[in-house]
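**Student:** Return atomic coordinates for the entry below.
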Amino acid sequence: MTALYDYPKSTLLKRVVPKTRIYDRVQATTALKDKFVAQVDQITWRAKLAPETINLPATKSVPEIQVFRVTLKSGAVHDDVLKAIDRAIPFPILFELEQDGQIQIAAAHKRPSAAEADKWVLSDHLRSDWLPADTPRSALPVALNLSVLYEQILTALMPIVPQTAESLSARMDRTHALKTKEREISQLKSRLKRETQFNIKMTLHGQLREAQADFEHLKKPE
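**Tutor:** Numbering: from 1, shown residues only. I've put the predicted structure just below:
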């Protein structure tokens, strides 16, 4: 499954979004503005996936999906920058990050807050690998409404095998647990390289094997 989509012509907008609009909406700090200036060349509202553009019914949690192209000055963009754009725009967003002929897709699970009206709750951002910008694009997934489309778009970015009847929230939780376990494995490997005492090395080897088994189970449960 790919996360790089060929958006129908009826959805395309290609409108430049001034950075100042984002700053004003989120009351950006000087540190955040500095990240935008250093990392972002241009933000373009590339497409709008909505009932009137792709003929799919809206839902309360997903009234529309926006696609933003973010042209980068450097090869990386901090999550704080993406979170600021997400906070400024009251709809789920799919980001296309572009730099030096390569493209990366990113998105957070964004849902209306149950506690505060007009507020949105954001997960950490999921990101695809970097791909050549001319990589062939796929048609949007077949869906009954915008919520189902959004779920499929997010699932395509997850490094896990989806399970039957597993909710989107459960998939996101498993993805977060997988990333946490991945960091644990990396730390254990680093400790093993530095450790010189045999008994401690054996203990670390055992912990690493257990962590790797947990990782594989999280990625693809039996």
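**Student:** Near I160, how many other residues are there?
**Tutor:** 17 (other Cβ atoms under 10 Å). C-betas here are computed from N, CA, C, even on glycine.
**Student:** nope, P162 is what I was after
**Tutor:** 17.
**Student:** Check which helix or strand it maps to.
**Tutor:** In the assignment (DSSP states H and E), P162 maps to no helix and no strand.
**Student:** Quick one: residues contacting it.
**Tutor:** 155, 171 (Cβ atoms under 8 Å, 6 or more residues apart in numbering).
**Student:** would you put the C-alpha positions of stretch 23-34 in PDB?
**Tutor:** Extracted in PDB, the C-alpha atoms of stretch 23-34 (Å, rounded to 0.1, in the frame of the first residue of the first chain):
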ATOM      1  CA  TYR A  23       1.900  32.200  13.000                       C
ATOM      2  CA  ASP A  24      -1.200  34.200  13.800                       C
ATOM      3  CA  ARG A  25      -3.400  31.200  14.200                       C
ATOM      4  CA  VAL A  26      -1.200  29.400  16.700                       C
ATOM      5  CA  GLN A  27       0.400  32.500  18.300                       C
ATOM      6  CA  ALA A  28       3.800  31.300  17.300                       C
ATOM      7  CA  THR A  29       6.800  31.800  19.500                       C
ATOM      8  CA  THR A  30      10.100  33.200  18.200                       C
ATOM      9  CA  ALA A  31      11.600  29.800  18.400                       C
ATOM     10  CA  LEU A  32       8.800  28.300  16.200                       C
ATOM     11  CA  LYS A  33       9.100  31.100  13.700                       C
ATOM     12  CA  ASP A  34      12.800  30.500  13.500                       C
END
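**Student:** Okay, domains of the chain per the record?
**Tutor:** 9-157, 173-219 (automatic domain parsing).
**Student:** Could you save the ones you listed as JSON lines and add columns showing mean pLDDT, distance to Q163 and mean neighbour count?
**Tutor:** Listed next are the domains of the chain as JSON lines, based on pLDDT from 0 to 100; distance: least, Cβ to Cβ, whole Å; neighbours: other Cβ atoms under 10 Å:
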{"stretch": "domain 9-157", "mean pLDDT": "94", "distance to Q163": "11", "mean neighbour count": "16"}
{"stretch": "domain 173-219", "mean pLDDT": "95", "distance to Q163": "9", "mean neighbour count": "14"}
